[in-house]
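Undergrad: Predicted model and sequence follow; I will ask about them next.
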Amino acid sequence: MIIVAGIHGDEYQPVRILEKNKIPFVLGNPRAYQMKKRFVEQDLNGCFGTKNENYESVRMRELLKKIPKNEMVIDFHTFSATSEPFVVIVDSPPVSPSARRGGRSEAGITLLGLAKTTGIKRVVYMKHNIKKGHALINYRNGISVELGHHDSKMIEKRLIKVLKSITKGKPHKINLYEVYGKIPASPKPKRGEKEKDDYINFKSNGEFIPILAGEKAYNFGGLKAREKRDIIKGRNEKETRKHSVIVDLVFS
Ligand SMILES: [Zn+2]
């Protein structure tokens, strides 16, 4: 298992916490981290597999060399929105040769199983992939863990808990959300009008469940998701796998 932090340079807490606790990890974007910026030239987590020539694309190729294909990746993030923590799994993880033949993502099955062992209650399935398939976890098998607000005092506790839970490997009951669209950027409020900010992340507004609404790094309003019935209540790994297959079928 390979731990990654600081893919976004301004998400400083996971990096500092891993250093402080002497937990080995790969620093995603060293130059942006030094500059306290999200990125230098391009969002590193949106450039995997692209053919650009800039700092991030060079770094992307270095990271793919550093992280062997057969390793599981735990990729830690924080955000600027007001939200509970959550785990992200993507719709197009790297597929195994047998999956390629059958057209079914075996990796996806394992990844949902992994997500359930983090102890984080909310798992977000990025069917509508906002990174357009160019995130790290589109190129390596793994999960992204969004630990909380950049400045939250809970980040250390959560990060350590996630690593301990994954080590134990016991699957937990989760709430599963499927992202299917984007919330458009809200128009600038007219003079005298209050800024509209009705969304509460992970709480349905009747039409959709907002995720990362109010995130400053986005040029749109956030993500639209719907809840998937939690049919994954496996008490042991074998049972979990069986249920995960069902989820995979539901999603396909
Ligand atoms: Zn991030």
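TA: Thanks, I have the structure now. Numbers count the residues shown, from 1 in each chain.
Undergrad: residues contacting residue 175?
TA: With contact taken as C-beta atoms under 8 Å, 6 or more residues apart in numbering, residue 175 is in contact with 121, 122, 123, 227, 230. In short, each C-beta sits where N, CA and C put it, glycine included.
Undergrad: so where do the helices sit in the stretch 1-150 of the chain?
TA: For the stretch 1-150 of the chain, the helices defined by DSSP state H, counting those that start in this stretch occupy 12-20, 30-35, 55-66, 97-102, 106-116.
Undergrad: where among the ones you listed is the average confidence lowest?
TA: Comparing mean pLDDT across the helices of the stretch 1-150 of the chain, the weakest is helix 97-102, with a mean of 46.
Undergrad: Quick check: the residue of the stretch 151-252 of the chain nearest the ion.
TA: As assessed by C-beta to the ion, the ion sits closest to residue 217 within the stretch 151-252 of the chain, at 7.4 Å.
Undergrad: Relative to the ion, tell me which of the helices of the stretch 1-150 of the chain wins on proximity.
TA: Minimum separation from the ion across the helices of the stretch 1-150 of the chain (C-beta to the ion) falls at helix 12-20, 9.4 Å.
Undergrad: contacting residues around that closest one?
TA: The contact list for helix 12-20 (C-beta under 8 Å, 6+ apart) reads 3, 5-6, 24-25, 27, 33, 36, 76-78, 147, 150-152, 155-156, 159-160.
Undergrad: From the ion, how far off is the closest residue to residue 8 other than its chain neighbours?
TA: Spatial nearest neighbour of residue 8, excluding adjacent residues (C-beta to C-beta, 6 or more residues apart in numbering): residue 38 at 4.9 Å. Here the distance between residue 38 and the ion works out to 8 Å (C-beta to the ion, to the nearest Å).
Undergrad: Thanks a lot, see you next time.
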